[in-house]
Every structure is written in structure tokens, then in C-alpha cells.
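Colleague: A predicted structure for the sequence below; I have some questions about it.
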Amino acid sequence: MGGMTAESTVERAEPREVTAALAEAAARGPFFEIVTDPDQEVDPTWRPMPERDTARLIGLTEAYAERLGTTERRVAASILFQGLAARLWSPMVTAAARGIVPELSGLHWRWAPGAPIALWLAAPAGRRAGTTAERAELVHREVVDGQLRPLRETMLGFVRLADGLLWGNAASALAGTVAGTLNAGPAAPVRPLVAELFAREPLAGTGTFDRRGFVRRSCCLYYRVPPGGEMCGDCCLLRR
């Protein structure tokens, strides 16, 4: 992945542009939402993301395990990583397809039993980019380098998961973002942006696309969730 060229169209976006782009993404559903309300700062339950507190991530993983009905920590951790990846891709890809890429340095998360993971961005900032390649590079920097790599590092401190599995989860979540965005109604084209992201490491080579959609080269371990045997639609274990 190369850096920005001398002919780069990337410019600093106004905070109001970032807020508007995220609000437009959030209108597609709660899974696309990143809250930007400054009043949320008084809420002490928000945690900086990526989460570096191993104990908190263990607690969240165990809560996922209980919800899934599994005693295998690695299964719950795998599903958690994929869910967080999807939670990040959805608003970021939707906003970037419109030309605005939010910066996630001020991102926070919050979770309560029975509720989805919520995201809040303090002091919204971002960049405006005119080409698909530039947008993809910025999204990759914010999501993969800024969020998923640190999350992976922390999770590997308490559970063993292969890199092929983790990045396959991230790729599956990204492929699912396309379907989720299209199902939510008319939107700016996301397919070219997603294709650019799949050309970058560590997503490159994690799967292929055919007429039925994305087919990953790894398994997220969901088939081990009781009662067992169920597989995701993009699983490499399915006979095709």
C-alpha cells in the first residue's frame, strides 16, 4: 500500500462534514451508528477504543460465551472480534463512500448486557478524499491499523486465535457491510471501495468472490456453538 501522491485530493474535512456523514450513516440503522453528541462526555461508562484493558476484554468475551452458550473462550473471542470489525466497517465504509473518512483517534465504546456495543466519537474530525484508492487507504489506516491490529494484540494476550481466522473474520465482516449497506436502502457505491480494501494486507487473500458472494478461506468457529453443526454462509467448510 503506497502513500498519498503529490496529486492527492485528500483534504482536512470540517467537523460538521464528519458529523453529517456519520449521521447519514447512522440513519441506516443502529449497526451503522457512531454517536457524536458532545454531551456524552459526562457518561463515565464510555471506554477508549481500541480497548487495551485485558480484564475488560476477557469480561466481554465471557459475556459473549454465555450468550452463545459455549464454554470455549476462543469461539466467543472469534465471534466478538468479527462483531467489532463489522461494527467499525459499517459506518466507516458508508461515510467513506460519500467521500468523508472520519478519524477514530477519539473513538469510545460502551456495552451493557443485552445491548449492542455502542460507539461514540469525541471531537469528530476526518478527511475528505476524492478517489476510491485514497478513501480506501484512509479507511484502512483508521480501522485496520488504528483499531483491529491493537484489538488483535490485546486479545491474543488471553486467547489463542490464528491470524488467518482473525483477518478472515475482518474480511467477512467487511463483505457483509456491502450487503448491509445495500439492504438499508440507496447509498453511494460501496463495492469499489470494498474491492480496494480487499486488495490490501492483511485482507488480501482471505477469500474470494463468486456469483453467490464472498467465500472465506478460514472458519470463524461458529460451527462449534451449541448445539453445533451450523455454518456461516461464507464458510470455507461448506461444500460448494
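Modeller: Noted; the coordinates are in hand. Residues are numbered from 1 along each chain as shown.
Colleague: quick check: longest helix of the chain.
Modeller: helix 73-97 (DSSP state H).
Colleague: right, and the helix or strand after that helix?
Modeller: Next in sequence after helix 73-97, counting helices and strands by DSSP states H and E, comes strand 100-102.
Colleague: in its sheet, what does that following strand sit against?
Modeller: strand 126-128 (antiparallel) (DSSP bridges).
Colleague: what's the mean pLDDT across the partner strand?
Modeller: For strand 126-128, the mean per-residue pLDDT is 98.
Colleague: please apply the same query to stretch 9-22.
Modeller: So the average pLDDT for stretch 9-22 ends up being 97.
Colleague: ok so, going back, what is the mean pLDDT for the longest helix of the chain?
Modeller: Mean predicted confidence for helix 73-97 is 96.
Colleague: got the residue ranges for the helices in the chain?
Modeller: Assigned by DSSP H, the helices in the chain fall at 15-26, 54-68, 73-97, 132-140, 149-155, 163-183, 191-198.
Colleague: the longest helix of the chain packs against which elements?
Modeller: helix 15-26, helix 54-68, strand 100-102, strand 118-121, helix 132-140, helix 149-155, helix 163-183, helix 191-198 (3 or more C-beta pairs under 8 Å, 6 or more residues apart in numbering; DSSP states H and E). For every residue, glycine as well, the C-beta is placed using N, CA and C.
Colleague: could you check the angle it makes with helix 191-198?
Modeller: With axes from the mean of the first three to the mean of the last three C-alpha atoms, to 10 degrees applied, the angle from helix 73-97 to helix 191-198 works out at 130 degrees.
Colleague: most tightly packed of the helices of the chain?
Modeller: Mean neighbour count (mean count of other C-beta atoms under 10 Å) peaks for helix 73-97 among these, with a mean of 24.
Colleague: of all the helices of the chain, which one comes closest to P113?
Modeller: Nearest to P113 among the helices of the chain is helix 54-68 (6.5 Å), distances taken as C-beta to C-beta.
Colleague: ok now the closest one, how far from the chain's centre?
Modeller: 18 Å (C-alpha atoms, centre = their mean, to the nearest Å).
Colleague: what does that helix contact?
Modeller: 47, 51, 71-73, 75-77, 79-80, 111, 113, 154-155, 157-159, 225-226 (C-beta atoms under 8 Å, 6 or more residues apart in numbering).
Colleague: just send the helices of the chain back as a markdown table, with distance to C236 too.
Modeller: Formatted as a markdown table, those follow (distance: least, C-beta to C-beta, whole Å):
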| stretch | distance to C236 |
| --- | --- |
| helix 15-26 | 30 |
| helix 54-68 | 21 |
| helix 73-97 | 14 |
| helix 132-140 | 24 |
| helix 149-155 | 20 |
| helix 163-183 | 8 |
| helix 191-198 | 16 |
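Colleague: closest to C232 out of those helices?
Modeller: helix 163-183 (7.2 Å).
Colleague: what angle do helix 191-198 and the closest one make with each other?
Modeller: Going by the same axes, to 10 degrees, helix 163-183 makes 170 degrees with helix 191-198.
Colleague: which stretches of the chain have low pLDDT?
Modeller: 1-6, 180-188, 229, 239-240 (pLDDT under 70).
Colleague: hmm, try it at 90
Modeller: 1-8, 28-29, 111-116, 176-191, 208-215, 219, 222-223, 227-240 (pLDDT under 90).
Colleague: residues near F158, how many?
Modeller: The local packing of F158 (other C-beta atoms under 10 Å) involves 13 other residues.
Colleague: scratch that, I100 is what I was asking about
Modeller: Count around I100 with other C-beta under 10 Å applied: 25.
Colleague: and it, what are its bridge partners?
Modeller: R128.
Colleague: state the distance from it to L22.
Modeller: 8 Å (C-beta to C-beta, to the nearest Å).
Colleague: do G126 as well
Modeller: 9 Å.
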